[in-house]
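Asker: What follows is a predicted structure for the sequence shown.
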Amino acid sequence: MNETTKIDRDDRCPGISYTDMLEADTRRVPDYLFEESLAPMSTDPLSVEPYISEEFARLEREKMWPNVWLFAAREDEMPDAGDTVVFDINDKSFLLVRQKDGAVRAFYNVCLHRARKLRTKAGNTSQLRCPFHGFTWKNDGSLKEIPCEWDFKHLEGKDMSLPEVRVNLWQGFVMITENNSLPEFTDWLGPVADHYHRYDMQDRFTAMWVSKRIPANWKATAEAFMEAWHSVTTHPQLLPFLGDANTRYDHFGDFFNRAITPSGTLSPHITGKDQQYILDKMNEFSGGSDAETNRRFSASGDDIVLDPNDPFHARKVLADANRKGFTEQYGLDYSDKSDSEMLDNFTYNIFPNFSPWIGYIPTLLYRWLPGDTPDWCTMEIRVLMPKPKDGERPRAVEKLEIPDDEPFAWANDVMGEALAKVFDQDMANLPHVQTGMKASSNGLMELGAYQDSRVRHFQQTLMKFINGELPG
Ligand code: FES
Ligand SMILES: [Fe+2]
């Protein structure tokens, strides 16, 4: 059977499926991209309660947050011995310290004297000295000095090392957990941890990093990035080159789900347009001029003539353009890398609040941090880039905090106008989701069976913590 004549499934968007696109790829695609995995789930409505209730937020703090692996930092934020990062979440604060041997230790960021936070921001240090009265620890957490020691004779012989939490370094991500019984991070996450191996995530660096307080619950905000089907109403400018409605959704185990949204393909919502339209609009979106479309995307420099009978021709052209462009930029060889991995949007989510994409393009990374009420959160967006050819991995850029009363467009200089616009479109919904949940007549939400399935999978895992079935 030809890949373009597949029989439509009545539980999926009609037309080309993501698997059809993988089968038409010009290179070998890794098996894990073909793998479809849907968790069993009901179609019952979801309650708004977890998003708006103080009591539910308290249960999350008690039962969930201390019992998961959390993304605390990128290693490129702290490459040198003595580098520190402060990771605050809920009412907890962790002080990450790079050791002389390259390991990272994570301490509760609290002085053992009268509990001042030891540090409030990142930086390099040769010791951990409390700014209040001067209690001092070495960078390995062992006690170095107590001022006016004559007044602390009762502490002699007592272990005054800084309490620690577990750290796993994985693909350049510093993961921490307070739970000493959890499996190591990659065992906890499961086989999907291996999906990251191909993309040199360890060698990437944080090339863009913004954060913004959002007036919506952390889960509502995260869930706004778990499905692509809001694009037709929220991001209409993306439809000419984004497979919004033929996005694939998968769930693996309790702690991972993904959306794969194809690029370089017409949205199934658009009819009567050809492959040239995809290239023209992609060119326009990325700031090119009308006249140069095909020359710009031609990897060989020759004129491109698109085959009207090949529904994947624009994808192939764009993948080749990326292979050529990235080779020039990063000095790496992409000649055997699949079209899919050169183009598509792999929105991978690791429970509960961490979304590091995969793929060869500069990858996005999201993190959502809960606010001190259920009604707000902080969203961070990063771009991880391969290190420049023949160079050291650069240090992470500083985080740019977008003021509460400014849009993402305020950060156009670092985000790029087109990307900032997409996030501003998402933010135009979120405050009204939070207030809408409170205004609901019955407190219930009716989800799509497939396209909203990641939201339901995420909620199912969360409820396992709240109900005491996890961490198990
Ligand atoms: S609170 Fe830290 S030295 Fe007193
Ligand atoms: Fe969106």
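Answerer: That came through fine. Ligands and ions are numbered 1, 2, ... in the order given.
Asker: so what's the closest residue to W170 other than its chain neighbours up against?
Answerer: Spatially, and ignoring its direct neighbours in sequence, W170 is nearest to F185 (5.4 Å; Cβ to Cβ, 6 or more residues apart in numbering). No exception for glycine: its C-beta is placed from N, CA and C like everyone else's. Under the criterion of Cβ atoms under 8 Å, 6 or more residues apart in numbering, the neighbours of F185 are W69, N168, W170, M175, T177, A193.
Asker: Which pLDDT value belongs to F185?
Answerer: Listed pLDDT for F185 reads 98.
Asker: For ligand 1, see how far away it is.
Answerer: With distances taken as Cβ to the nearest ligand atom, to the nearest Å, F185 is found 32 Å from ligand 1.
Asker: For W65, the count of nearby residues, please.
Answerer: Look at W65: counted by other Cβ atoms under 10 Å, it has 18 neighbours.
Asker: Show the contacting residues for it.
Answerer: W65 neighbours (Cβ under 8 Å, 6+ apart): I89, N90, K92, P352.
Asker: For the one helix or strand in the chain whose mean pLDDT sits lowest, which residues meet the burial criterion?
Answerer: Taking mean pLDDT, DSSP states H and E as the measure, the chain has helix 293-296 as its least confident helix or strand, at a mean of 79. Using 16 or more other Cβ atoms under 10 Å as the test for burial, helix 293-296 gives T293, N294, R296.
Asker: Quick check: the gap between the residue nearest to W170 and A193.
Answerer: 8 Å (Cβ to Cβ, to the nearest Å).
Asker: pretty sure G172 contacts E75?
Answerer: Yes. Proximity of G172 to E75 meets the contact threshold set by Cβ atoms under 8 Å, at 4.8 Å.
Asker: Quickly list what's touching both of those two.
Answerer: In contact with both G172 and E75: Q202, using Cβ under 8 Å, 6+ apart.
Asker: More neighbours: the two, which one.
Answerer: Taking other Cβ under 10 Å, G172 and E75 do not tie; E75 has more neighbours (24 against 21).
Asker: and the more buried one, backbone torsions?
Answerer: Phi and psi for E75, reported as degrees, to the nearest 10, are phi -60, psi -30.
Asker: do the same with D151
Answerer: phi -90, psi 0.
Asker: isn't there a strand covering R382?
Answerer: Yes. Checked against DSSP: H, G, I helix; E, B strand; the rest coil, R382 lies within a strand.
Asker: Name all residues that make contact with the residue lying closest to it once chain neighbours are set aside.
Answerer: Leaving aside its sequence neighbours, R382 sits nearest to L365 (Cβ to Cβ, 6+ apart; 4.3 Å). For L365, the contact set (Cβ under 8 Å, 6+ apart) comprises T206, S355, P356, W357, E380, I381, R382, V383, L384.
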